[in-house]
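[1] sequence first, then the predicted structure:
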Amino acid sequence: MKKSLFVSLIFLIFLNLSGCKSTNTQQSSSAGLKNIIVVTDDNFQEEVLESEKPVLVDFWAPWCSPCKIIAPHIESIAEEYRNCLKVAKLNVDYNRKTQRQYRANAIPLLVFFKDGQPVDMIRGAVSKMEIERSVRKLCQGG
């Protein structure tokens, strides 16, 4: 019994260290996140630029450590501000057209849109408080 548990544990560690994961990281890494939508080159116009609500777009990639650091902040903000703000994630590895258009060469990059126009931008791993400052300004119409 102990030996089979040990072998299973070693196997799981091996899978984790070898990077075995879902082949569709664009969807799987963001799937199941409450109040966050996945945007792509194909739906960016409709979901972001034509949105009636202001939109926070998180330009990210699954290999990006700073992106992982701010991910809980983004999830929390999506929940807390769901009535006034749409939150979207765009995987730069799969959406090069939009990445180039918004010069998301260094990630994470948070771009805040209102009426289809970028109105604010935050680069790098920052505190939740700093992100919220921009969100409040956007939600209050400031």
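    Done, it's in. Numbers count the residues shown, from 1 in each chain.

[2] residues in contact with the closest residue to Y81 other than its chain neighbours?
    Excluding the flanking residues, the one nearest Y81 by CB to CB, 6 or more residues apart in numbering is V135, at 5.6 Å. C-beta here means a position set from N, CA and C on the backbone, and glycine is covered the same way. Applying CB atoms under 8 Å, 6 or more residues apart in numbering to V135 gives the contacts 56, 77, 81, 85, 112.

[3] in strands, which of those residues fall?
    With strands defined by DSSP state E, the entries of the contacts of V135 inside them are 56, 112.

[4] which one (most neighbours) among the contacts of V135?
    Within the contacts of V135, most neighbours by other CB atoms under 10 Å means L56, with 26 neighbours.

[5] surely it meets K86?
    Yes - contact between L56 and K86 holds when scored by CB atoms under 8 Å: they sit 7.4 Å apart.

[6] returning to that earlier point: could the contacts of V135 go into a markdown table alongside pLDDT and distance to V38?
    Listed next are the contacts of V135 as a markdown table, based on pLDDT from 0 to 100; distance: CB to CB, whole Å:
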| residue | pLDDT | distance to V38 |
| --- | --- | --- |
| L56 | 98 | 14 |
| I77 | 97 | 16 |
| Y81 | 96 | 18 |
| L85 | 96 | 16 |
| F112 | 98 | 18 |
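
[7] for stretch 38-51, which positions count as buried?
    Buried residues in stretch 38-51, counted by 16 or more other CB atoms under 10 Å: 38-40, 44, 47-48, 51.
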